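Asker: Model the structure of this input:
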Amino acid sequence: QTRGCASAGNATGSFAASQTLDARRGQRSRVGHHVGCGVVQPQREAQAARLGLGPSLRFLGARSDMPELFAAADVFVLSSLWEGMPLSVMEAMAAGKPVVCTAVGGSREIVQDGVNGLLVASGDSAAFADALISMADPGRRSAFGKRAAETAAAQFGLDAMVRAYEKLYEELIFATRKNR
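Answerer: Residues are numbered from 1 along each chain as shown. Now for the predicted structure:
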């Protein structure tokens, strides 16, 4: 039994995916929590109401209790049309959550499709829904979540940051000495 998913940012794609997911399942047993706010928030809430997702999608606004929200979620969803380097994905992975996100921007650099999460082409609602449906399997979620936490620690943890700074300082010192 899944508890639900958490999403952040632009939820347009996840609305369409949720609609497809519900149509295939014939039920609304999952609850999604969308964290974040912005100028389009009223339009997103109206869109959710038009799609009949009101009871199954909650808009939480800006939050400071993300660790608790991640702990309550089974899957993290990011359906951006474009992205830089999504901190929300890194945080979800560090919390041990599998990620389903669109293959845009920095998401492609940190989510390894089929390893620690799933990448879906932006705008492909049916594929997004299929990816979410596949996360109903507790074993799959657990395996992806474990590998997501490992990836986050290896690439974005304190030790990785210290190593990156050490390397940068060594390169700067070498370049300075070379140019003397």
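
Asker: Would you tell me which helix is longest in this structure?
Answerer: Ranked by residue count, the top helix of the chain under DSSP state H comes out as helix 158-178.

Asker: who touches that helix?
Answerer: 153-154 (C-beta atoms under 8 Å, 6 or more residues apart in numbering). Any C-beta I mention is one placed from the backbone N, CA and C, and that applies to glycine too.

Asker: redo that, cut-off 7 Å
Answerer: Defining contact as C-beta atoms under 7 Å, 6 or more residues apart in numbering, one finds that helix 158-178 is touched by A154.

Asker: what about that helix, distance to the chain center?
Answerer: 31 Å (C-alpha atoms, centre = their mean, to the nearest Å).

Asker: Can you list the low-confidence ranges for this structure?
Answerer: Along the chain, segments meeting pLDDT under 70 span 1-31, 37-38, 40.

Asker: which residue ranges form the helices in it?
Answerer: Going by DSSP H, the chain shows helices at 12-25, 41-50, 66-72, 87-94, 107-110, 125-134, 138-156, 158-178.

Asker: Just name the most buried of these.
Answerer: Stretch with highest mean neighbour count among the helices of the chain: helix 87-94 (a mean of 22; mean count of other C-beta atoms under 10 Å).

Asker: Restrict that one to CA atoms and write it as PDB.
Answerer: C-alpha atoms of helix 87-94 as PDB (Å, rounded to 0.1, in the frame of the first residue of the first chain):
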ATOM      1  CA  LEU A  87      17.800  21.000  -5.200                       C
ATOM      2  CA  SER A  88      14.400  19.400  -4.400                       C
ATOM      3  CA  VAL A  89      15.500  16.200  -6.300                       C
ATOM      4  CA  MET A  90      18.800  16.100  -4.400                       C
ATOM      5  CA  GLU A  91      17.000  16.500  -1.100                       C
ATOM      6  CA  ALA A  92      14.500  13.800  -1.900                       C
ATOM      7  CA  MET A  93      17.300  11.400  -2.900                       C
ATOM      8  CA  ALA A  94      19.200  12.200   0.300                       C
END
